[in-house]
Structure formats: C-alpha cells, structure tokens
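[1] Need the 3D shape of this:
(chains A and B)
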Amino acid sequence: MRLVPIFLALVLPALTGQAEPQRIVTAGAAVTEIACALGLGPRLVAVDTSSRHLEETRDKPDIGYVRTLGAEGILSQEPDLILISSEAGPPGVLEQLARSGVTMITVANGHELENIDDKIRIIAEATGRTSEAEAVIARVTEDIAALRQLVAAGDERPRVVFLLARHGGSLMAAGTETAAHAMIEAVGGVNAAGSFAGFRPLTPEFFATQPPDFVLVSESVGENDAGLLEGLPGLGAGSAGQGPQIIRVDDAAFLGFGPRTPSAAAAVATALRRP
Amino acid sequence: MNPARQEHTRRRTRGRRRLLALALLFPVVLLTAASLGAVRLGPADLWHLLSGGEQATALMRAVFWDIRLPRVVLAALVGACLALAGAGVQGLFRNPLADPALIGVSAGAAVGAVLCFFLGWALLLGGWLLPLMAFVGGLLAVLVLRLFNTGFAAGGTAKLILAGVALNAMLGSVLGFFLFSASDDALRSMTFWTLGSCASARWPQTVVLVVFLAIGATLLWRHARALDALQLGEEQAAHLGVSVRRVRREIIIGAALMVGAATAFAGTIGFLGLVAPHMARLLLGGLHRLVLPGALLIGAMLLVLADLGARTLVAPAELAVGILTAAVGGPFFLWLLRRPSSWSAS
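    Numbering: from 1, shown residues only, chains lettered A, B, ... in the order given. I've put the predicted structure just below:
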C-alpha cells in the first residue's frame, strides 16, 4: 500500500495533463515573449520568424513566417506542446497539426491591453507555470495602470500616425483595425489616418492638408528609409521644427500585445506629452 | 517505304521509348519525395510504415500518412493538371507562349478565392468553401471567354487569345481592388494564396483532383489527333474533317476544369503550365498522343520536386513553391533548348 502514493505521483500528472511540457514550439511574438517571461525559454525547441527578436530565441530553429507554417517542419522538432497565436496559419496546416496528436493551444491575439493577462494565464496553465505567472501579471497590471494615469493626465489628444516605410518608397500608414491604431488610442492619441482600415499607401499631400503632431516609425526603419520621410511636405528637416515630431518605437514591444507592451506604451505616451 | 516516312516512324518510336522512360521515372520521383522531409525516415522506417508494421512511432505514422504523402500526391496531381492543360491550350492556340492562365481560369480562380478571404468566409464549410469559390470563379471566367469562341474562320483563334488577354487584365484589376480594400489579416492570407502552396494537402482534396484530372484528360485525349491536324492551320484542319469550334470548346472546358481544381487547392502556381508542355514536345516530338501524357508526367514530377524543395530546403520553415517551380524547371528547360536541332524535333 505504501506504493500507492508513489504510483499516483507518477501517474496522476500524466492522467490530468499536468505533466510539464519539455519541448515547446511557439508561433507568434507575444506568445513567445510570454513563454520566455515565464522562464520557459530553455524549453523552446523552435520559434517562428517573428519571435526571434529576443536574446533567448535568436538561435532557435526557425519554423518560418507565422502565417505560412509547415506541419512536418514543426513536428520534426518533436514538440510535446505547440503554442500558437490566433493569426497563425494556413488553416489547413493547423488542422494537420491538430490531427497529429500533439497538444496545440491557440492564444487569441486581440488588440486590447486588458487581454494580455488572459494570454499569460492560458500559457501558464498549459505549461504548469501558474505561480510564475502571478508576478508577470502583477507587473503588466501595474504598467497598464501607470499608462492610464499618464493618459488621463494629458488634456489634449495629439494627432498621431504610424508609418511603415516599405516597398521602396511608398509610405504605408496604419488605419483602423490594426495593432498600431489600437496602440495610438491606448497612448492617448488620435489616429490621423483613422479614415480607412488596414495599411494603405498615404498620399504625400496628407502631410500638407492634415498634418499630424507625431509620426511613429519602427526602430528597424533604416537610415535610408528615414530620409524618405524628409522629402515629404511638412516633414523632416525642410520644415525647421514646425512639422510633426518623429518617434521611433520598438515595434515588437509596442505592437506585440505581449508582456512588454504596456511599458513600451507608457514610454510613447510620455514622449507625446513632452513639450 | 520512302525516307521521309522512315524518319517519321523512327521519331515516333523514339518518342514512345522516351515516354515509357518518363513513366518509369515517375514512381521513382514519387517515392524519393515521399521518403524525404523534415522528419527523417530511414529505409527501415519506410518499410515499417508501408508494410503496416507496429515498429513505426505514432509521430512517424502521422507525418508520413497524414501530412507528407497526401502532400506529395497533391503536388503530383496539381502539376499534372496544370501541365496537361497547358499542353492542350498551347496545341489549340498554336502559340508557344500560350499558358493555361491565358483562358482566364487562373485569374478567375484567384478572384473567387480573394473574394472568399475578403468576406471572411475562408473557413466556412470546413474549409471547402474557399476551393469551391476559387473553382467557380475560374469556370465563370472561362464561360465569359467562351462567348468569343465564334466561327472558325481566319482570326478566330487570335480573337480568342485577345479576349483572354483583356479578360485577364480585367480580372487583375478586380483582384487589385480586393487587395487594396482588404483588412491587414485578409491581405496576408490573400498574398499567401496567390503565391501557391501544397502545404495544406488533405486526402479528400486528392480524390477530388483525380476526378477532375480524369475528366480533363479524357476530353483532351479525345482530341489529340485533332490537335495534330490543327498544327497545320485551322482551315486545313477543317478540311481534314476537324470540327474546330467543338475541339476549341472541349479543350478549353477540359483545361478549365483541371486548372480550376488545381488552383482551388494549391493557389496560383505559374511557369509549370507554360514550360512542361514545351519540355514534352522537345523530348518526345510533336505528336499530341505523346505530348499530352508526356506533359502530364513532366508537370507532375516537376511540382513534386519543387514542393520537395519547398518543404526541405529551409526546414523547419517553408519556402513558397512558386519560387522553386521556375528554379527547378528553368535550367532544365534552357538545357533542352540548347541541344542541337531541338526545335526540328518538334
């Protein structure tokens, strides 16, 4: 009878699914960041391309772009848990993965700061890291509260536009239904490009007729791309300080809706309120 | 027997031998592709899998039977459909640059699929609505084109080609508009679809494709001799008793069914439909009884090999198959073109 508790200790975790996964594959930057924040970095055996910005994941095998995953490539890493963000695809490949018998958990990737703690809880539960999760959630909640305070203190809502300098010249601006739009609202700005949904090429005249107060660009935009902004009316050196101010953001943190997003947002909110 | 006749017979025999060689090469290519992948399977593992032995792990079984094999088979069928349709359309239009895309079916299918993403319907009907809409889009485009299949007098084919070009341009602008108005999410799915991929293969899809390949192949095969006669010109073919309009109609429908179904499951894959038939002609000679099956086999093998590269070269990630169809087929095609007297053989 002495053996019963030992037997239960060995079998129960397996039966209730509480066995901690040892080989995890993640797809989606927020999901990976949360896994790393929970101390699971060493257990990640492969991550998607968008997740390789972290120190811990830089040298992990790359399973490709989050929307064009391949089932066999992922399974070749012999994972016992696949954590994917809801934007992962294509759907046919997710179906193949689901049929393979490996546990797969999809984490909804909405554009709300309030849902970051839900993501953390889902991942913590799947990996048995609920106690570690409490600390991460507490920090995220604190950062969101600090951000809210900053935003409430401001009396004016500045006009902000988020630009992607891509495709060799055309400037793409983030309209509604984008992560950037949600973040502009969250930091207390008004999206100056809020008249359309998704990313659209912006006409240069936009800056002359409806000049924004601030332009957000990704840190990863190179020097050449930054020069691109200068040619526009009302932007850059030509307008001698009257034009909008350019703020560079770490887009993985600012737009990821992961554990670092609230603090990155607070930094931007502070920059918006600087005289 | 006169020397010209002798030469003709000699070429035909050589073409038949080469077709047989292609047919023998085909299972070798299929088996090679099925044995290679991101998950390493040794000869012993393959034997266990194929013989139903118990030694294969659950992971191996899932990967081989549920992911890799349907994918290899789907790639073979898609390649076969595209290349066979290309052979038919090129023979019909007597134009070396004719591509199955010319009859509007690929662009129509793309509009159908993109509309499906645009409306957010891509996952409806268990994921079958997307291929269905792509297929219907392709067929509708071809039905519009068929309105221009009037009369066979001189210029009839030229009119059809021009109508195809105009139709493609119009569908292209519809496509561009959807891409412009799409949400970020839908846009990424659309772009992925238009690049083509066999990654989402499922067995039921391969069954559907077999049916369409069989219908298309039957329609084209029935007109193989008529296609030979058409190479002399439409009027000459008519004098030889070929009903040009009927041949045109049935070959276009056959090609549309095959390309529509292939595109519905794998997205738009270029280059194969244009180049595989030329390869068949260069290797086997100009007789359509040889060119049609030859193009089918070459197209199937090319896409299986391109897809093999797509899923292994950057594993565990995936490469877009469209990048590889040209990379695999292009050099081989140029080599064929470079051979002395390559065109005289066709």
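[2] For B:W121, the count of nearby residues, please.
    For B:W121, the count of nearby residues is 13 (other CB atoms under 10 Å in any protein chain shown). Glycine gets a C-beta too; all of them are placed from N, C-alpha and C.
[3] actually A:R58, not the one I wrote
    A:R58: 10 neighbours (other CB under 10 Å).
[4] and it, which of the three is it?
    Recorded secondary structure, A:R58: coil (DSSP: H, G, I helix; E, B strand; the rest coil).
[5] what does A:G188 give?
    coil.
[6] need the contact list for it.
    Residues in contact with A:G188 (CB atoms under 8 Å, 6 or more residues apart in numbering or on different chains) are A:150-151, A:154, A:157-158, A:269, A:272.
[7] which SSE is the closest residue in space to it that isn't next to it in sequence in?
    In space, and not counting its chain neighbours, A:G188 is closest to A:V151: 3.7 Å by CB to CB, 6 or more residues apart in numbering or on different chains. Assigned by DSSP states H and E, A:V151 belongs to helix A:130-153.
[8] Check which helices and strands that helix is in contact with.
    On a contact count with 3 or more CB pairs under 8 Å, 6 or more residues apart in numbering or on different chains; DSSP states H and E, helix A:130-153 meets helix A:116-127, helix A:261-273.
[9] if we go to 10 Å?
    Here helix A:130-153 touches helix A:29-37, helix A:116-127, helix A:179-186, helix A:261-273, going by 3 or more CB pairs under 10 Å, 6 or more residues apart in numbering or on different chains; DSSP states H and E.
[10] which one of these lies closest to chain B?
    helix A:179-186 (8.7 Å; CB to the nearest CB).
[11] ok, then the element right after the closest one?
    strand A:190-191.
[12] residues in contact with that next one?
    Contacts of strand A:190-191 with the rest of the structure, by CB atoms under 10 Å, 6 or more residues apart in numbering or on different chains, involve A:156-162, A:173-176, A:178, A:180-185, A:212-213.
[13] how far does the helix or strand following that strand sit from the chain's center?
    For strand A:190-191, the following helix or strand on the C-terminal side (DSSP H and E) is strand A:199-201. Relative to the centre of its chain, strand A:199-201 is centred 20 Å away, using CA atoms, centre = their mean, to the nearest Å.
[14] Sheet partners, orientation included, of strand A:199-201?
    Here strand A:199-201 is paired, per DSSP bridges, with strand A:171-174 (antiparallel).
[15] Now do the strand it pairs with: distance to the chain's middle.
    18 Å.
[16] And the lengthiest helix in chain B, what's buried?
    If you go by DSSP state H, chain B has its longest helix at helix B:3-35. Under the neighbour-count criterion of 16 or more other CB atoms under 10 Å in any protein chain shown, helix B:3-35 has B:11, B:15, B:18-19, B:22, B:26, B:29-30, B:33-35 buried.
[17] Check which helices and strands the helix or strand following it is in contact with.
    As assigned by DSSP H and E, the chain's next helix or strand after helix B:3-35 is helix B:43-51. For helix B:43-51, the contact count by 3+ CB pairs under 10 Å, 6+ apart identifies helix B:3-35, helix B:58-61 as packing neighbours.
[18] can I get the CA coordinates of helix B:43-51 in PDB?
    Output in PDB follows, covering the C-alpha atoms of helix B:43-51 (Å, rounded to 0.1, in the frame of the first residue of the first chain):
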ATOM      1  CA  PRO B  43      14.700   2.900 -45.200                       C
ATOM      2  CA  ALA B  44      13.700   0.600 -42.300                       C
ATOM      3  CA  ASP B  45      11.100   3.200 -41.000                       C
ATOM      4  CA  LEU B  46       9.700   3.500 -44.500                       C
ATOM      5  CA  TRP B  47       9.400  -0.300 -44.700                       C
ATOM      6  CA  HIS B  48       7.600  -0.400 -41.400                       C
ATOM      7  CA  LEU B  49       5.200   2.400 -42.500                       C
ATOM      8  CA  LEU B  50       4.400   0.900 -45.900                       C
ATOM      9  CA  SER B  51       4.000  -2.700 -44.500                       C
END
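[19] Next up, phi/psi of A:V215, please.
    Torsion angles at A:V215 (phi, psi; degrees, to the nearest 10) stand at phi -120, psi 120.
[20] go on, B:L119?
    According to degrees, to the nearest 10, B:L119 has phi -80, psi 0.
[21] In what element of secondary structure is the residue in the stretch 51-200 of chain A positioned nearest to chain B found?
    Per CB to the nearest CB, the residue of the stretch 51-200 of chain A with the smallest distance to chain B is A:G92, at 2.3 Å. Using DSSP H and E, A:G92 sits within helix A:91-99.
[22] Just give the strands next to the helix or strand that that helix is followed by in its sheet, each with its orientation.
    Past helix A:91-99, further along toward the C-terminus, the next helix or strand under DSSP H and E is strand A:103-107. Within its sheet, and counting by DSSP bridges, strand A:103-107 is paired with strand A:81-85 (parallel).
[23] For the partner strand, what does the pLDDT average out to?
    Averaged across strand A:81-85, pLDDT comes to 96.
[24] Can you dump the C-alpha atoms of stretch A:121-133 in PDB for me?
    Provided in PDB are the C-alpha atoms of stretch A:121-133 (Å, rounded to 0.1, in the frame of the first residue of the first chain):
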ATOM      1  CA  ARG A 121      -2.900  32.700 -17.900                       C
ATOM      2  CA  ILE A 122      -3.600  30.400 -20.800                       C
ATOM      3  CA  ILE A 123       0.100  29.800 -21.400                       C
ATOM      4  CA  ALA A 124       0.900  29.400 -17.700                       C
ATOM      5  CA  GLU A 125      -1.900  26.800 -17.300                       C
ATOM      6  CA  ALA A 126      -0.700  24.900 -20.400                       C
ATOM      7  CA  THR A 127       2.900  24.800 -19.000                       C
ATOM      8  CA  GLY A 128       2.300  24.500 -15.300                       C
ATOM      9  CA  ARG A 129       3.800  27.900 -14.600                       C
ATOM     10  CA  THR A 130       0.800  29.400 -12.700                       C
ATOM     11  CA  SER A 131       2.900  30.700  -9.800                       C
ATOM     12  CA  GLU A 132       5.500  32.400 -12.100                       C
ATOM     13  CA  ALA A 133       2.500  33.900 -14.000                       C
END
